[in-house]
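>>> make a model of this:
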Amino acid sequence: MQPTIQILQEKQLIGQSEMMSLVEDKTHQLFRTFMPRRKEIPNLINADTFDLRVYPEDYYRPFDPSQPFAKWALAEVSKVEAIPHGMEVYNLIGGQYAVFHYKGLSSDQRIYKYIFMEWLPQSGYTLADRPHFEVLGEKTKLNDPNSEEEIWIPIEEK
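Below you'll find the predicted structure:
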């Protein structure tokens, strides 16, 4: 599976966040709270939802699945006017990303093993210190092996 290399333009997003780790994963709770309230966000650009992670510097060196990070459930807006109670604005800075089109169960983590253990070391890129995210669209279905999403990995040339 080869990614496309894309330059992401800065985006304005609104949503909710939760501190968690891979060991103490609270993704389900975060999205269970966010998704019913998504319609409260004014000026939505589309129906896509961002599953975004902000890792501390050197998160992967050495990798520790109990290390905490901030996870966000977000929607992109054309402009920020009113922020629903309990939500925040997140400005996603632009930059270069490897974008993988993934089809399969979200619980199948083999794609990440491939990205970080095979593709990245063999590519001409290194991991950049910017957020990682998935774009969940109309083809994203919970617990469906035909579910589709885009996985955006921040990169920079070696």
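
>>> longest helix anywhere in this structure?
Longest helix in the chain by number of residues (criterion: DSSP state H): helix 27-37.

>>> which strands and helices lie in contact with it?
Under the contact definition 3 or more C-beta pairs under 8 Å, 6 or more residues apart in numbering; DSSP states H and E, helix 27-37 sits against strand 11-20, strand 49-54, strand 69-76. (Glycine included, C-beta is placed from N, CA and C.)

>>> can you give me the helices for this structure?
Ranges of helices within the chain are 27-37, 110-113, 120-122, based on DSSP H.

>>> can you put the helices and strands packed on helix 27-37 in JSON lines and add distance to residue 113?
Output for the helices and strands packed on helix 27-37, formatted as JSON lines (distance: least, C-beta to C-beta, whole Å):
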{"stretch": "strand 11-20", "distance to residue 113": "20"}
{"stretch": "strand 49-54", "distance to residue 113": "17"}
{"stretch": "strand 69-76", "distance to residue 113": "18"}
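
>>> mean neighbour count and mean pLDDT for the ones you listed - can I get that in JSON lines?
Below are the helices and strands packed on helix 27-37 laid out as JSON lines (neighbours: other C-beta atoms under 10 Å; pLDDT from 0 to 100):
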{"stretch": "strand 11-20", "mean neighbour count": "18", "mean pLDDT": "98"}
{"stretch": "strand 49-54", "mean neighbour count": "20", "mean pLDDT": "97"}
{"stretch": "strand 69-76", "mean neighbour count": "21", "mean pLDDT": "98"}
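
>>> show me the contacts for the spatially most central residue of the chain.
By C-alpha atoms, centre = their mean, the chain has its centre lying nearest to residue 133, at 1.6 Å. Residues counted as contacts of residue 133 (C-beta atoms under 8 Å, 6 or more residues apart in numbering) are 50-53, 92, 152.

>>> so what's it closest to, chain neighbours aside?
residue 52 (3.9 Å; C-beta to C-beta, 6 or more residues apart in numbering).
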